[in-house]
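Undergrad: give me coordinates for this.
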Amino acid sequence: MALIGIDGAGKSTQARWLADWLDATGTPARYHRNAAGRVFFSRLAQRLGRRDAEDLLGVRLFLLVETLIRGFVIARALTLSRLTGTVAVMDRYTYCQYTSITVRGGTPRPARLLFRLLPQPDLVFYLAVPPLVAQARVEARGKDHEELDYLTASDRAYRALPEAGRFTVVDAGVDPSAVQASLRAALRPDPLPGTVSPRPARSTSHLLPIG
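TA: Below you'll find the predicted structure:
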């Protein structure tokens, strides 16, 4: 399964919690952080006196590097999942790269060709959060910064993806524990193929329709 969404949506926290919960309730699972190096290159750029990763490498080269790294880490995660017989709980997936490219004015077609052999996840959760809330969360963690326009454009790009109709959209603007309850509730009636159905969660669901 994959958890996707704009920066500040809570993907990493929710994916870790979900993997731990699945593992504890009888479904072997493993968390995979499919980052593509943006934070690393941005920090490197700042040390070299440049604004960010795109300023350091140029937009086109940065997107190429990001795409290659993303493809590698996703393929590695899938391989580990198969070798260990665990459910892969993906923190980001190919859809994140398509969105990153689109927001920066590129075309995701080359990335789609590169990623064409990667399987579609059994479940894709889009963690929907208002861009203002997401920006505040990014600022609070103190590691990086996101412009409101960028977050807003990213949200639009995610929702405009051809695959968006099959995403399960979860309200991620609420308390993190309520978000986690929504994710667990979404798994209960339709467990992943070949897995044990997890025990029911006690909290209520906050699922939202796409669009």
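Undergrad: in stretch 2-14, what's buried?
TA: Buried residues in stretch 2-14, defined by neighbour count with 16 or more other Cβ atoms under 10 Å: 2, 3, 4, 5, 6, 7, 8, 9, 10, 11, 13, 14. For the C-beta atoms, the positions are set from N, CA and C on the backbone; glycine is no exception.
Undergrad: make TSV out of these and add pLDDT, distance to residue 88 and secondary structure.
TA: Shown next, in TSV, are the buried residues of stretch 2-14 (pLDDT from 0 to 100; distance: Cβ to Cβ, whole Å; DSSP: H, G, I helix; E, B strand; the rest coil):
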residue	pLDDT	distance to residue 88	secondary structure
2	98	8	strand
3	98	11	strand
4	98	14	strand
5	97	18	coil
6	96	22	coil
7	93	22	coil
8	93	23	coil
9	95	19	coil
10	94	19	coil
11	95	14	helix
13	96	17	helix
14	97	15	helix
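Undergrad: next secondary structure element downstream of the longest helix seen in the chain?
TA: As assigned by DSSP state H, the longest helix anywhere in the chain is helix 59-84. Counting by DSSP states H and E, the element after helix 59-84 in chain order, helix or strand, is strand 87-91.
Undergrad: where do the helices sit along the protein?
TA: Using DSSP H, helices in the chain cover 11-24, 38-47, 53-57, 59-84, 94-103, 109-114, 131-141, 148-159, 176-187.
Undergrad: weakest of these in terms of mean pLDDT?
TA: Among the helices of the chain, helix 53-57 carries the lowest mean pLDDT, a mean of 61.
Undergrad: just to revisit the earlier point, among the helices of the chain, show me which one is buried the most.
TA: helix 94-103 (a mean of 23; mean count of other Cβ atoms under 10 Å).
Undergrad: just the buried residues of stretch 2-14 now: which is nearest residue 115?
TA: Distances from residue 115 to these, taken as Cβ to Cβ, are shortest for residue 2 (12.5 Å).
Undergrad: tell me who's in contact with the closest one.
TA: By Cβ atoms under 8 Å, 6 or more residues apart in numbering, the contact set of residue 2 is 90, 92, 93, 95, 121, 123, 124, 125.
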